[in-house]
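Colleague: based on what follows, work out the 3D shape:
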Amino acid sequence: MVRVGSLIDQMLLPRTIRENKTGMTPKEQITSILSQVKHLNRRKEAVYEEIMDLLEEHGVKLVNFRKIGKKDSEYLERYFDSEIEPLISPIIVGRKQPFPFLKNKEIYVVAVLRRKKGKEKLGIIPCGSGVFPRLIEVPGENGCYMLSEELILHYVPKVFRGYEVKAKSLLRVTRNADIDADALYDEDLDYREFMVELIKRRKRLAPVRLELSRDLDGDVVDTLCEYLDVKRRYVFRNTTPLDLSFLFEIQDLLRQKQELFYEKRIPQLTEQFQKDRSILDQIREKDKLLSYPYESIKPFLQMLQEAANDPQVVSIKMTLYRVAKQSKVVEALIEAAENGKDVLVLVELKARFDEENNIEWSRRLEDAGCQVIYGLDGYKVHSKLCLITRKNEGQPEYFTQIGTGNYNEKTARLYTDLSLMTANQDIGKEAADVFHALALGEVVQETSHLLVAPKCLQNKVLDMIDEEICLAEEGKEAYIGIKINSLTDKKIIDRLIAASQAGVQIDLIVRGICCLIPGVENMTENIRVISIVGRFLEHSRIYLFGTEERQKVYIASADFMTRNTLRRVEVAAPVYDEQLRLRLNEMFITMLSDNVQARQMLPDGSYERVPELGTALSSQDFFYQVAYGLTEENKS
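Modeller: So this is what the prediction gives:
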């Protein structure tokens, strides 16, 4: 929806663009992607069949009409007649009925119809009305289900009475979701209402993929491609259901089988904070670091609540990118504004697929008296930054929170993230500079403590890599450790390669895309790349430069992708507290030692599981044991 959509848009440009790491044109990239998608579809189908076979052993079975008896077929026909057919809206494409608009990712039945006299026509039936269940229970045996779209597909002849059904299939369209808000925005328009209209437009963008559940005659596929304005090479035949979201329903059906589920884990309250004491006072005494989802987000929420009701707090400023549907963070900001605080909130309306939620919250914030701004021309504001300003003996006192993840209570239970809370006044002043620039529609040009993209992050990262290169060339020990989601920034990649060649030891923990291949002789032999994929989404970003005694430690909102380092407002914060620096270093070493959930990249770009030598260590399980106080160290 996004990456392929963007490449298709690039193909329409008058000038050919080549990707800077591969040298490929958009057309060449798409050709390669389509080939890989076919391979991935085959893998998906194999995994799906394996999982469904395993589910059958636990009493849940998905069937079609070839797998049920006459009695169940009769029941399903009665069910179709009474519960489904009255609720569907079939159409036949013809002169008086044009081909309908097919919604993004919705499932439809397409049927080739013919009367005794006359041309073939297409019949279309939407299957995703939401008024009947997706999983329909088959009464013959417990735990036996059929998908509603399969039921509709089977009874197509009953829907189109008077026609012979020559062929039929389920189909699903995936539409382009890549739309450039900045390129289309007119300054005379209200930005929020412009985004509302833009979201409506996005829902009608051109298809980039057509999926079919059955083989159809080539002429029929060509006709569908013509109606949908999609090329034949973007058509895929799938043997799995076109939408796998019904598996969440199966998950709920199996809740009583505890052995199939992860052990329940609850984010724990950190011992860094004492109960019944001011959160702000405790942050003034010492910097605090929360590690989600192992530790609870509650202290941060308490900090906001306290600030909202503290008579000495004069302002709260915050960037919001993705927030929960029922956001306690936003509620605290609203309460602060209603209590007379100066509340400035930057709500990023271009947070893809969260725009509607953000638009609604922005309206509520404005109604409460908050000053709401909507980001910058040409840049998304992706930083996780909160600044509380309090009057202390007539002087402003700053409390700053910098995070690696969104202010979202739901994802704080699912994603691994870090949240630094500090009363360091130098950091607070620079955070104030960030908000001042944002309010003026500008970006920060220079910093001394924070790393702030797009002007003061990539260049400072490159400088710190260069420092390690110089030390290595002098024969001194040099080290770089990075934990991020993705590595695609070519400037940083090139400099890491140079560092490896100079003898710098480099450890990279990259969950997703990594465009640097380690272990290549005379190039990257001093670089190790691992990826940790486990129960929780690895989302925290940690930058380590230097050996332990002189190490610079940062947590950040930014991955090392050009879109983050040069096209977004991102913030990385230095960790100055010695204990917290040591803690982050130990966390990094623990993740590097993971031999349960970690995969290691090989010199050919493939991955293999890290061999489980010695004691098994899952870093995610270990961090939860620490949070629960269950480690041997904590017990002693």
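
Colleague: make it CA atoms for all contacts and neighbour counts henceforth
Modeller: Will do.

Colleague: ranges for the strands of the stretch 351-500 of the chain?
Modeller: With DSSP state E, counting those that start in this stretch as the criterion, the stretch 351-500 of the chain has strands at 371-373, 380-381, 385-392, 395-403, 415-422, 451-453, 479-484.

Colleague: looking at those, which is buried most?
Modeller: Greatest average neighbour count among the strands of the stretch 351-500 of the chain goes to strand 451-453 (a mean of 27), per mean count of other CA atoms under 10 Å.

Colleague: what's the average pLDDT for that one?
Modeller: Averaged across strand 451-453, the pLDDT comes to 98.

Colleague: same deal with stretch 470-487?
Modeller: 97.

Colleague: out of the strands of the stretch 351-500 of the chain, which gets nearest to P133?
Modeller: When the strands of the stretch 351-500 of the chain are compared by CA to CA, strand 415-422 sits nearest P133, at 30.6 Å.

Colleague: quick one: distance of the closest one to the chain centre.
Modeller: 17 Å (CA atoms, centre = their mean, to the nearest Å).

Colleague: reformat the strands of the stretch 351-500 of the chain as TSV; add distance to L102.
Modeller: Shown next, in TSV, are those (distance: least, CA to CA, whole Å):
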stretch	distance to L102
strand 371-373	35
strand 380-381	30
strand 385-392	40
strand 395-403	40
strand 415-422	34
strand 451-453	40
strand 479-484	38
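
Colleague: out of those strands, the one nearest R115 is which?
Modeller: The nearest among the strands of the stretch 351-500 of the chain, by CA to CA, is strand 380-381 at 55.4 Å.

Colleague: partners of that closest one, with directions?
Modeller: strand 568-574 (parallel) (DSSP bridges).

Colleague: what angle separates the strand it pairs with from strand 395-403?
Modeller: Relative orientation of strand 568-574 and strand 395-403, computed by axes from the mean of the first three to the mean of the last three CA atoms, to 10 degrees: 110 degrees.

Colleague: OK, contacts around L365?
Modeller: Contacts for L365 (CA atoms under 8 Å, 6 or more residues apart in numbering) come out as V330, L333, I334, Q371, V372.

Colleague: now do the SS call for the residue lying closest to Q371 once chain neighbours are set aside.
Modeller: Spatial nearest neighbour of Q371, chain neighbours left out: L344 (4.8 Å); criterion: CA to CA, 6 or more residues apart in numbering. With DSSP: H, G, I helix; E, B strand; the rest coil as the basis, L344 sits in strand.

Colleague: and the pLDDT for L344?
Modeller: Predicted confidence (pLDDT) for L344: 95.

Colleague: that one contacts V372, correct?
Modeller: Yes - with contacts counted by CA atoms under 8 Å, L344 reaches V372, the gap being 6.0 Å.

Colleague: gap between E150 and F65?
Modeller: Per CA to CA, to the nearest Å, E150 is found 9 Å from F65.

Colleague: do T590 as well
Modeller: Relative to F65, and taking CA to CA, T590 is found at 52 Å.

Colleague: these two - which one has more neighbours?
Modeller: Between T590 and F65, counting by other CA atoms under 10 Å, T590 is the more crowded of the two (17 against 14).

Colleague: is that one in a helix, a strand, or coil?
Modeller: helix.

Colleague: residues near the closest residue to R18 other than its chain neighbours, how many?
Modeller: Spatial nearest neighbour of R18, chain neighbours left out: T25 (4.5 Å); criterion: CA to CA, 6+ apart. The local packing of T25 (other CA under 10 Å) involves 17 other residues.

Colleague: and stretch 436-455, how far out from the chain middle?
Modeller: On CA atoms, centre = their mean, the centre of stretch 436-455 falls 25 Å from that of its chain.

Colleague: what about it, start to end distance?
Modeller: Terminal-residue distance, stretch 436-455 (CA to CA): 15 Å.

Colleague: how about residues contacting it?
Modeller: Contacts of stretch 436-455 (CA under 8 Å, 6+ apart): 373, 375-377, 426-427, 430-431, 433-434, 456-457, 460, 564-574.

Colleague: and for stretch 272-291?
Modeller: Against stretch 272-291 from outside (CA under 8 Å, 6+ apart): 270, 296-297, 299, 302-303, 306, 399, 416-423, 577, 580.

Colleague: report how many residues lie close to P603.
Modeller: So P603, with other CA under 10 Å, has 17 neighbours.

Colleague: try Y576
Modeller: Considering only other CA under 10 Å, Y576 is surrounded by 14 other residues.

Colleague: gap between N20 and D489?
Modeller: 10 Å.

Colleague: neighbour-wise, which of those two wins?
Modeller: D489 (22 against 10).

Colleague: give the contact list for that one.
Modeller: Taking CA under 8 Å, 6+ apart as the test, what D489 contacts is F560, M561, T562, T565.

Colleague: need phi/psi at S148.
Modeller: phi -60, psi -40 (degrees, to the nearest 10).

Colleague: number of nearby residues for the closest residue to it other than its chain neighbours?
Modeller: Setting aside the residues directly before and after it, S148 is nearest to R134 in space (CA to CA, 6+ apart), at 5.1 Å. R134 has 19 neighbouring residues, counting by other CA under 10 Å.

Colleague: so R134 versus I250, what's the distance?
Modeller: 11 Å.

Colleague: and what of G59?
Modeller: Distance from G59 to I250, by CA to CA: 11 Å.

Colleague: over to Y407?
Modeller: Counting by CA to CA - Y407 and I250 are separated by 30 Å.

Colleague: and what of A627?
Modeller: Distance from A627 to I250, by CA to CA: 31 Å.

Colleague: with V221 instead?
Modeller: For V221, the distance to I250 - CA to CA - is 33 Å.

Colleague: residues in contact with the residue nearest to Q371?
Modeller: S315, I316, K317, M318, C370, Q371, V372, I373.

Colleague: of those, closest to L7?
Modeller: I373 (30.6 Å).

Colleague: may I ask you to confirm that A337 is in contact with Q371?
Modeller: No - in this structure A337 lies outside contact range of Q371 using CA under 8 Å: 9.1 Å.

Colleague: appreciated, that's everything.
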